[in-house]
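only geometry, no sequence info:
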């Protein structure tokens, strides 16, 4: 059987591992065995943290956007919802950069989101606005008897509309009417409180 001389291959392999382990503490950068264990473990950590990095940056961007939204008097979720309704497709990374570097432009985006939330949110709101406009005219010109009928119709329509509204919309109504403790109420409790 022929003799195989593989000293150079083994030496190069060990040198490669020790080179990767450069800067580690103690035997982890001196001894081949511990260096090999640590570089293997380091690879696992690096793989895991490449995934975690994406999550962490997204959290950071959302935190920054939320802080800027609070300064402009809107919650983060309503801001993002308003932008999606307005078909503004800016990712969270760019929104956070705008919030830091250009607060005036961010305020403009908040206005766009608020307008979109007011105008184009759902059909329920447009129906409510149409009813209010129709009933507002008779109240100004009509006699007191007709006003009473209009108020009764308003109450009936409000009762029907309250069940169709979302919890966030109900909480806004409660806030406008200056009710206390609305933030912890459930949908049914909010509807009862608003009646």
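Done, it's in. Because the structure is a prediction, the values reported are computed rather than measured.

quick one: average confidence on stretch 88-103?
On average, the pLDDT along stretch 88-103 is 95.

quick one: contacts of that stretch?
57-58, 60-62, 64-65, 67-68, 71, 83, 105-106, 109, 112-113 (C-beta atoms under 8 Å, 6 or more residues apart in numbering). For every residue, glycine as well, the C-beta is placed using N, CA and C.

Now it: buried residues?
By neighbour count on 16 or more other C-beta atoms under 10 Å, the buried set for stretch 88-103 is 92, 95, 96, 98, 99.

Include secondary structure when you put the residues you listed into a markdown table, please.
Shown next, in a markdown table, are those (DSSP: H, G, I helix; E, B strand; the rest coil):
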| residue | secondary structure |
| --- | --- |
| 92 | helix |
| 95 | helix |
| 96 | helix |
| 98 | helix |
| 99 | helix |
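
domain parsing for this structure?
7-119, 162-194 (the TED database).

Compare the mean pLDDT across those domains and name the weakest.
Of all the domains of the chain, mean pLDDT reaches its minimum on domain 162-194 (a mean of 85).

Buried ones in that one, by neighbour count?
Buried residues in domain 162-194 (16+ other C-beta under 10 Å): 162, 165, 169-171, 173-174, 182, 185, 190-191, 193-194.

Could you list which of those residues belong to strands?
Nothing among the buried residues of domain 162-194 maps onto strands, per DSSP state E.

hang on, the earlier thing: buried only: go through the contacts of stretch 88-103 for me.
For those, buried by 16+ other C-beta under 10 Å: 61, 64, 65, 68, 83, 106, 109, 112, 113.

and residue 21, what does it touch?
28, 29, 35, 36, 38, 39.

Could you find the closest non-adjacent residue to it?
residue 35 (3.8 Å; C-beta to C-beta, 6 or more residues apart in numbering).

which secondary structure elements does the helix or strand the one you found falls within contact?
Element membership for residue 35 (DSSP states H and E) is helix 32-71. When contacts are defined as 3 or more C-beta pairs under 8 Å, 6 or more residues apart in numbering; DSSP states H and E, helix 32-71 sits against helix 7-20, helix 76-85, helix 92-101, helix 103-119.

ok so, going back, and the furthest pair within the contacts of residue 21?
29 and 36 (11.4 Å; C-beta to C-beta).

how about residue 3, phi and psi?
With angles defined as degrees, to the nearest 10, residue 3 sits at phi -90, psi 130.

same deal with residue 24?
According to degrees, to the nearest 10, residue 24 has phi -80, psi 160.

burial of it, as a residue count?
16 (other C-beta atoms under 10 Å).

tell me the contacts of the residue lying closest to it once chain neighbours are set aside?
Using C-beta to C-beta, 6+ apart and skipping the chain neighbours, the partner closest in space to residue 24 is residue 38 (5.6 Å). Contacts of residue 38 were listed using C-beta under 8 Å, 6+ apart, and they are 21, 24, 28.

Would you reformat the residues you listed as CSV and include distance to residue 13?
Listed next are the contacts of residue 38 as CSV, based on distance: C-beta to C-beta, whole Å:
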residue, distance to residue 13
21, 13
24, 18
28, 17
